[in-house]
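[1] Have a look at this prediction, sequence included:
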Amino acid sequence: MGVEGIGASVVRKEDKRFITGKGRYVDDVKLLGMTHAHFIRSPHPHAKVKSIDASAALKMPGVVAVLNGKELVDDKVGNLICGWMIHSKDGSPMKMGAWPAMAPETVRFVGQAVAVVIAETKNLARDAAEAVVVDYEELKAVADVKAAIAPGAPQLHPEAPGNQVYDWALGDEAAVKDAFAKAANMVTMELTNNRLVPNAMEPRAAIADYDAAEEHFTLYTTSQNPHVARLVLSAFYNIAPEHKLRVIAPDVGGGFGSKIYIYPEEMVALWASKKIGRPVKWTGDRTESFLTDAHGRDHITKAEMAFDKDNRITGLRVKTYANFGGYMSLFSSSVPTYLYATLLSGQYTIPAIYAEVMGVYTNTTPVDAYRGAGRPEASYLLERMLETAARQLKVDPAELRKKNFITQFPHQTPVIMAYDAGDFNASLDAAMKAIDYAGFAGRKAKAKAEGKLRGIGVSCYIEACGIAPSKAVGSLGAGVGLWESAEVRVNPVGTIEVLTGSHSHGQGHETAFAQLVADRLGISINQIQIVHGDTDKVQFGMGTYGSRSAAVGLTAILKAMEKVEAKAKKIAAHQLEASEADIVIEGGEFKVTGTDKKIALPMVALAAYTAHNLPDGMEPGLKESAFYDPSNFTFPAGAYICELEVDPSTGKTSFVNFVAADDFGRLINPMIVEGQVHGGLAQGIGQALLEHALYDGNGQPVTASFMDYTMPRADDLPSFKLSHTTTLCPGNPLGVKGCGEAGAIGSSAAVINAITDAIGNNALEMPATPDRVWHAIHGA
Amino acid sequence: MSQVQLTVNGKQAAVEVEDRTLLVHLLRDHLNLTGTHVGCDTSQCGACVVHIDGRAVKSCTVLAGQAAGSNVTTIEGIARGDELHPMQAAFRDNHGLQCGFCTPGMIMSAIDIVNRHGGMLDEATVRHELEGNICRCTGYHNIVKAVLDAAGRMKVAQAAE
């Protein structure tokens, strides 16, 4: 490795603009003649829209237009789609109701847009929105998933009787039944995985600009995947054909899944821009984020685990109810099915698994993938089960895990996934050593003497990342392929532009991706520019989510680099009158091995473009592209251990130590990897202790601002102790696995296991607020 | 509409704004200083923190008119040419940022924290003092490191002056 190559903790190239206030986010963009949109949103969780009277608003100064859902449907703007088909146990396709970008007739969650005011300024649009009179007929609403499937519940969509989207299953029911019949011991738990709001710090925003002469749209949007946005807007929403739609996702202020989806506001801005003939800008406020960004998690699960007399797991049975909210968001259907039940084997040899998942409509904000997406739910379930089982069986929780670890690879689980590599003992041992697991009993006793309840909790997670391969996801119902593309352009003076279909919204691609190129050519990362986020520049891409950018996106760059290097070597060999096989690339130079003959990269590039002296038949230029589709998912895994103290008089939890030992395969930039882990841990700990998107019994959200929804703050969290163990991923040439979601997947169970250990009561749900913990200690 | 006269990053400005205009919107919409961000609308997240007469203030909580006659410093005004402020450099060197959206407010708050506490900063104090700034990316781990690092750098810089 060079100082800027693979494995080096290089400080980020992109930071200069962010620390000097020169980042360029969507809301920073101003276009000539730009108007401002403000959406009128339903205050009711379920209602008929009887009439919308905009006459007073239209008379107000500065108001350009007031548009509603009926006009949108009349103009044949398509309904929002769900892009992953799931079939129920009985073979029937999932049952979905229509989701128009603005509701023409019925609203099904608080915050659903019914109309939009477009005015000269944002304030004028807000003022005019106050003057629009919407007459609603309120309908009975239901927010709770169990209530929604009960007889007599309010029905959301006629297409989905009983509010059931699907009733899906995976695994061998008979084998699991048999395992339980023969079990020496069983553990049963009912668990809630609390609903979360992603809350990227940058609220969503969109600017749509229609050029009537060219019949061309430009959309600036806060997207994790601008090409997917263009594809969906073109193919399903009838906005414009792809060659007449440019989507730009500039600097994007965090995503965590919530910016994967194509939301109603982008669709309306595009449609409205054409209607009024001027650019339309919409920037959400934080309450709009709470009401309309896709939420995460929200499962209710009953899980049973069977053990033989030697404490080996013999079976797992899971029944989960997944709350989808009022509509099916873009990838929502896949989250509690193929991203959840397929990970229910965890790090363990479990011969028989059967999972049933019922997807349910409720009058709440739609739910979709949020950091981890299905895998945190699976990991939380398993790791609480293992910890509870250890207590019930009176064995050490770490030892019970080790006894059941998968140790041979590849390993085919009973729930589709084939793990390719791993060393689960290594990561658990590393974490136990880091936290001095052996010395815990002494520390617990000492804390007890001081009136504190000390607990330790283990969580061993595995996830499936680098989401791809296209064939596999296609066979499971995905509507898209999940490869990635890249293009490497060597300019005539030897500088390099790398165009990638991955999108960086905090992940540091501009540095980490440049490190690969720097490593291969022996040049500085300052000679390399990573270009992303613009469909006019990058030909295609599937974007960034599911910890896929290193395993899939970076490998695509590697494949394009290999082609560039092959051609450059041919040119160098020709220039140096040497054999191509003798050319090596070192320090930015092409050298003939065993001689002092060499030619620098800029001279090779220049030769490629002057084309005065190229090998016979060679095309001029030095630019190559590649599409990369991996052969398997990647399987990052690791062990987290949390040690904490609970104050029995207040129920307040204080961290003593939090250690993480992750196996991400090869690390490109360890500094960036650790940053990803820190952020993921914070989100998992936030779920465990603080965060909960709550609705009252009628479907009114009660946590729709940072005043009500508890975001983790600096003094809620500890400093983390991280370490890495390494098994290279055999599925891609770089051996990388992905690190973006691990922290969020593995940490919440570690925290809850530590608290329940401290208080000696397993009945504790997330978020474990002081109030809940106090009640769990003292009863009542 | 009223005219607000103030000094922003050392330059005099006179801006015609609606009376209800917040300082953050004066900065972003009228002076094109888009480094100051709006993240929450309820004075919780701190993405909009600037300095008014040397003190950290959430600019979404101040009417533009209230800032009349004052000296406002934004994230765009703390570097000296190409020389980064020690806090900016510490955020970069410690990987104290990811998506960058909360970063300007974090840096402006952090400078104020160091100024108020001088060399007496420890991790617990930094964490407590950062309660008005929310970051969703970093888990604060590297932000805390950056602030402690910068505290040392700022002390050295002050001593040199």
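    Looks like it came in fine.
[2] Which parts of chain B are strands?
    B:2-8, B:11-17, B:49-52, B:55-58, B:71-73 (DSSP state E).
[3] Ranking these by mean neighbour count, which comes first?
    Comparing these by mean neighbour count (mean count of other C-beta atoms under 10 Å in any protein chain shown), strand B:49-52 ranks first with a mean of 24. All C-beta spots, glycine's among them, are computed from the backbone N, C-alpha and C.
[4] Is there contact, residue-wise, from that one to chain A?
    No: judged by C-beta under 8 Å from any C-beta of the partner chain, strand B:49-52 and chain A are separated, with a smallest distance of 10.3 Å.
[5] neighbouring strands for that strand, and are they parallel or not?
    Strand B:49-52 has the following sheet partners, assigned by DSSP bridges: strand B:55-58 (antiparallel), strand B:71-73 (antiparallel).
[6] okay, these in a markdown table with distance to residue B:10 next?
    Listed next are those as a markdown table, based on distance: least, C-beta to C-beta, whole Å:
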| stretch | distance to residue B:10 |
| --- | --- |
| strand B:55-58 | 17 |
| strand B:71-73 | 8 |
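[7] Mind putting the ones you listed into TSV with mean pLDDT?
    Output for those, formatted as TSV (pLDDT from 0 to 100):
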stretch	mean pLDDT
strand B:55-58	98
strand B:71-73	98
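[8] In chain B, where's the longest helix?
    helix B:141-160 (DSSP state H).
[9] ok, and for that helix, which residues are buried?
    B:141-151, B:153-154 (16 or more other C-beta atoms under 10 Å in any protein chain shown).
[10] I would like the residues contacting that helix, please.
    Under the contact criterion C-beta atoms under 8 Å, 6 or more residues apart in numbering or on different chains, helix B:141-160 has outside partners A:675, A:678, A:714, A:717, A:719-720, B:86-87, B:89-91, B:93-97, B:106, B:110-111, B:113-114, B:117-119, B:121-123, B:126-127, B:130, B:135.
[11] and the spatially most central residue of chain B, what is it in contact with?
    For chain B, residue B:108 is the residue whose C-alpha lies nearest the centre (C-alpha atoms, centre = their mean; 2.3 Å). Residues in contact with residue B:108 (C-beta under 8 Å, 6+ apart) are B:49-51, B:56, B:73-75, B:78.
[12] Determine the three-state secondary structure at residue A:357.
    With DSSP: H, G, I helix; E, B strand; the rest coil as the basis, the three-state label of residue A:357 is strand.
[13] residues touching it, list them.
    A:166-170, A:319-322, A:336-337, A:340-341.
[14] pLDDT score for the residue nearest to the centre of chain B?
    At residue B:108, the model reports a pLDDT of 98.
[15] Residue A:478 too?
    86.
[16] Distance check, it against residue A:628.
    17 Å (C-beta to C-beta, to the nearest Å).
[17] Same question for residue A:124.
    To residue A:628, residue A:124 is 49 Å away according to C-beta to C-beta.
[18] same thing with residue A:707?
    45 Å.
[19] One more: residue A:241?
    For residue A:241, the distance to residue A:628 - C-beta to C-beta - is 27 Å.
[20] Neighbour count for those two, which is higher?
    Shown here are residue A:241 and residue A:628; by other C-beta atoms under 10 Å in any protein chain shown, residue A:628 has more neighbours (22 against 12).
[21] ok, what's across the strand from the more buried one?
    Beta-bridge partners of residue A:628, as defined by DSSP bridges: residue A:484.
[22] wait, it sits on residue A:484?
    Yes: counting by C-beta atoms under 8 Å, residue A:628 does reach residue A:484; the two are 5.7 Å apart.
[23] between those two, what contacts are shared?
    Common neighbours of residue A:628 and residue A:484 (C-beta under 8 Å, 6+ apart) are A:552, A:555-556.
[24] Which of these ranks first by neighbour count?
    residue A:552 (32 neighbours).
[25] And the pLDDT for that one?
    For residue A:552, pLDDT reads 93.
[26] go on, residue A:780?
    pLDDT, residue A:780: 65.
[27] Check residue A:1 too.
    pLDDT, residue A:1: 47.
[28] Next: the one 5 residues further on.
    Looking at residue A:6, its pLDDT is 96.
[29] wait, isn't it in contact with residue A:517?
    No: using C-beta under 8 Å, residue A:6 is not in contact with residue A:517; the gap is 10.2 Å.
[30] Comparing the two, which residue is more hemmed in?
    residue A:517 (24 against 19).
[31] Kindly report the domain assignment for chain A.
    A:31-139+A:202-253+A:259-292, A:299-468+A:632-778, A:483-628 (automatic domain parsing).
[32] end-to-end on the second one?
    The separation between the terminal residues of domain A:299-468+A:632-778, taken as C-alpha to C-alpha, to the nearest Å, is 27 Å.
[33] Show me which residues of the lengthiest helix in chain A are buried.
    Secondary structure of chain A per DSSP H: the longest helix is helix A:555-576. Residues A:555-561, A:564-565, A:567-576 are the ones in helix A:555-576 that count as buried (16+ other C-beta under 10 Å).
[34] which residues does the residue of the stretch 451-600 of chain A found nearest chain B contact?
    Evaluated by C-beta to the nearest C-beta, the stretch 451-600 of chain A has residue A:506 as its residue closest to chain B, separated by 3.4 Å. Applying C-beta under 8 Å, 6+ apart, we find residue A:506 in contact with A:252-255, B:98-100, B:137.
[35] which residues touch residue 78?
    This is for chain A. Here residue A:78 is in contact with A:236-238 (criterion: C-beta under 8 Å, 6+ apart).
[36] that's the other chain; I wanted chain B
    B:85, B:87-88, B:107-108, B:111.
[37] ok, 6 Å please
    residue B:85 (C-beta atoms under 6 Å, 6 or more residues apart in numbering or on different chains).
[38] List phi and psi for it.
    Backbone geometry at residue B:78, expressed as degrees, to the nearest 10, gives phi -100, psi -20.
[39] Any figure for the gap between it and residue A:410?
    54 Å.
[40] now residue B:119
    56 Å.
[41] and if you look at residue A:693?
    39 Å.
[42] higher neighbour count, those two?
    Using other C-beta under 10 Å as the criterion, residue A:693 and residue A:410 rank with residue A:693 on top: 23 against 13.
[43] Run through the residues that contact the closest residue to the more buried one other than its chain neighbours.
    Nearest residue to residue A:693, sequence neighbours excluded (C-beta to C-beta, 6 or more residues apart in numbering or on different chains): residue A:195, at 4.2 Å. Neighbouring residues of residue A:195 by C-beta under 6 Å, 6+ apart: A:295, A:297-298, A:693.
[44] May I ask which two of these are separated the most?
    Pairwise distances across the contacts of residue A:195 (C-beta to C-beta) peak at 8.9 Å, for the pair A:297 and A:693.
[45] count of residues packed around residue 137?
    As the question left the chain open, I've gone with chain A. Considering only other C-beta under 10 Å, residue A:137 is surrounded by 10 other residues.
[46] The intended chain is chain B.
    Neighbours of residue B:137 (other C-beta under 10 Å): 30.
[47] What residue, apart from its backbone neighbours, is nearest it spatially?
    residue B:98 (3.5 Å).
[48] Show me what the strand or helix carrying residue A:306 is packed up against.
    Per DSSP states H and E, residue A:306 falls inside strand A:299-307. When contacts are defined as 3 or more C-beta pairs under 6 Å, 6 or more residues apart in numbering or on different chains; DSSP states H and E, strand A:299-307 packs onto strand A:185-193, strand A:313-325, helix A:375-393.
[49] What part of chain B, helix or strand, is modelled with the least confidence?
    In chain B, no helix or strand scores lower on mean pLDDT, DSSP states H and E than helix B:141-160, which sits at a mean of 91.
[50] and the closest residue to residue A:274 other than its chain neighbours, how many neighbours?
    Leaving aside its sequence neighbours, residue A:274 sits nearest to residue A:210 (C-beta to C-beta, 6+ apart; 4.3 Å). Here the number of neighbours of residue A:210 (other C-beta under 10 Å) works out to 25.
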